[in-house]
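Asks: Sequence below, structure please.
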Amino acid sequence: MSHKIRVVVAKPGLDGHDRGAKIVARALRDAGMEVIYTGLHQTPEQIVEVALQEDANAIGLSILSGAHKVLFKKVMDLLKEKNATDIVVFGGGVIPEKDIPYLKELGVKEIFGPGSSLQEIVDFVKNNVKPAGV
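Replies: Numbering: from 1, shown residues only. Down below sits the predicted model:
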């Protein structure tokens, strides 16, 4: 039985722009992963619920709205609450360099800013996320 990495790609908050998230979702899918894209305007609660229901190994958050500190913190807190800290969280979008150490302290594994290549993101997931049952 093949064990694929399952990734939830999500757009939390009021951000209305999801082209980048869809491109990343496609790249991960093309690399052989199962991808669940949640669509726009998701709350942290909805994102964590989908990740748990789908037995996801990772959550990729795309944030362009500037609310990354609040939204990432809420997702990380909810994962802790639900004893799901084994789910690897990574993110991307327009996130100031100075905020990255704070996000990593929360437990966010990696942040991909503008100009990150799709290959970097795929490699990160392949190297840092283990599929269930492996």
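
Asks: Now do the lengthiest helix in the chain: which elements does it pack against?
Replies: The longest helix of the chain (DSSP state H) is helix 68-81. Judged by 3 or more Cβ pairs under 8 Å, 6 or more residues apart in numbering; DSSP states H and E, helix 68-81 is in contact with helix 44-53, strand 58-63, strand 88-93, helix 100-106. Backbone N, C-alpha and C define where each C-beta goes, glycine included.

Asks: change it to 6 Å
Replies: If you count contacts as 3 or more Cβ pairs under 6 Å, 6 or more residues apart in numbering; DSSP states H and E, helix 68-81 packs onto helix 44-53, helix 100-106.

Asks: Test of understanding: give the bridge partners of residue 35.
Replies: Residue 35 has the following beta-bridge partners by DSSP bridges: residue 7.

Asks: Was I right to think it contacts residue 8?
Replies: No: taking contacts as Cβ atoms under 6 Å, residue 35 lies outside contact range of residue 8: 7.9 Å.

Asks: Counting neighbours around each, name which of the two comes out higher.
Replies: The neighbour comparison of residue 35 against residue 8 (other Cβ atoms under 10 Å) goes to residue 8, with 27 against 23.

Asks: pLDDT value on that one, please?
Replies: Residue 8 carries a pLDDT score of 98 in this model.

Asks: That one reaches residue 36, doesn't it?
Replies: Yes: Residue 8 lies in contact with residue 36 (Cβ under 6 Å); the separation is 4.9 Å.

Asks: what's the neighbour count on residue 111?
Replies: 21.

Asks: Shouldn't it be within a strand?
Replies: Yes: counting by DSSP: H, G, I helix; E, B strand; the rest coil, residue 111 is located in a strand.
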